[in-house]
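Asker: take this sequence and fold it.
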Amino acid sequence: MKASAISKDCGFTLIEVLVSLVVLSTGIVLVLRAMGTSAGALSAARVTSRSVWLADQRLAEIDIARAAGETVATERGDFLDPFTSYRWAIDVEESSEAAGASSEEGGVGHLHLEISRHGSDRVDLELDTLVLQ
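Answerer: Numbers count the residues shown, from 1 in each chain. A predicted model of the protein is given here:
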């Protein structure tokens with residue numbers, strides 16, 4: 001008789017199993033949601049990082065061209081492989097009065113650089129800086 005009394009007390013009740021399933025399911029859902037959020041954040045960080053690197057590359061090209069005596073003008077273009085999905089746009093405005101320089105000194109210009117991706121109306125990176133004319 002004692003053996004049957006012990007076997008009745010062993011095991012889990014249906015309510016205990018259901019509660020543990022609810023807790024486990026909630027945990028799995030939260031982990032999957034966190035993974036989706038982190039994947040989206042990683043993708044956005046990758047785009048921003050690439051855009052900053054490409055903007056730095058474009059500004060270096062502008063510095064090289066200016067050192068060779070070329071003038072900086074408003075223009076647009078695409079990046080070369082492997083970044084053909086990205087494009088750039090440069091707008092240049094002369095603003096020598098803003099910096100207090102006279103026209104004989106060459107002055108200062110305002111350069112606005114935008115980096116974006118093809119097929120997207122959103123600008124991934126905008127950069128405003130001053131350049132010596």
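Asker: ok, residue 118 touching residue 83?
Answerer: No: with contact defined as Cβ atoms under 8 Å, residue 118 does not count as touching residue 83 (10.6 Å). For the C-beta atoms, the positions are set from N, CA and C on the backbone; glycine is no exception.
Asker: who has more neighbours, the two?
Answerer: residue 83 (17 against 9; other Cβ atoms under 10 Å).
Asker: where does this protein dip in pLDDT?
Answerer: 1-9, 95-106, 133 (pLDDT under 70).
Asker: residue boundaries of the strands in it?
Answerer: 75-78, 86-94, 108-117, 123-132 (DSSP state E).
Asker: among these, which is nearest residue 33?
Answerer: Across the strands of the chain, residue 33 has its closest neighbour in strand 123-132 (25.9 Å, Cβ to Cβ).
Asker: residue closest to the middle of the chain?
Answerer: residue 48 (2.5 Å; Cα atoms, centre = their mean).
Asker: for the top helix by length along the chain, which helices and strands make contact with it?
Answerer: Identified as the longest helix of the chain according to DSSP state H is helix 14-67. Helices and strands touching helix 14-67, by 3 or more Cβ pairs under 8 Å, 6 or more residues apart in numbering; DSSP states H and E, are strand 86-94, strand 108-117, strand 123-132.
Asker: can we see that at 7 Å?
Answerer: Of the remaining helices and strands, those touching helix 14-67 by 3 or more Cβ pairs under 7 Å, 6 or more residues apart in numbering; DSSP states H and E are strand 108-117, strand 123-132.
Asker: just name the most buried of the ones you listed.
Answerer: Mean neighbour count (mean count of other Cβ atoms under 10 Å) peaks for strand 108-117 among these, with a mean of 18.
Asker: that one packs against which elements?
Answerer: helix 14-67, strand 86-94, helix 96-99, strand 123-132.
Asker: closest to residue 78 out of these?
Answerer: Judging the helices and strands packed on strand 108-117 by Cβ to Cβ, what sits closest to residue 78 is strand 86-94, at 4.9 Å.
Asker: okay, buried residues for that closest one please.
Answerer: Using 16 or more other Cβ atoms under 10 Å as the test for burial, strand 86-94 gives 86-88, 90, 92.
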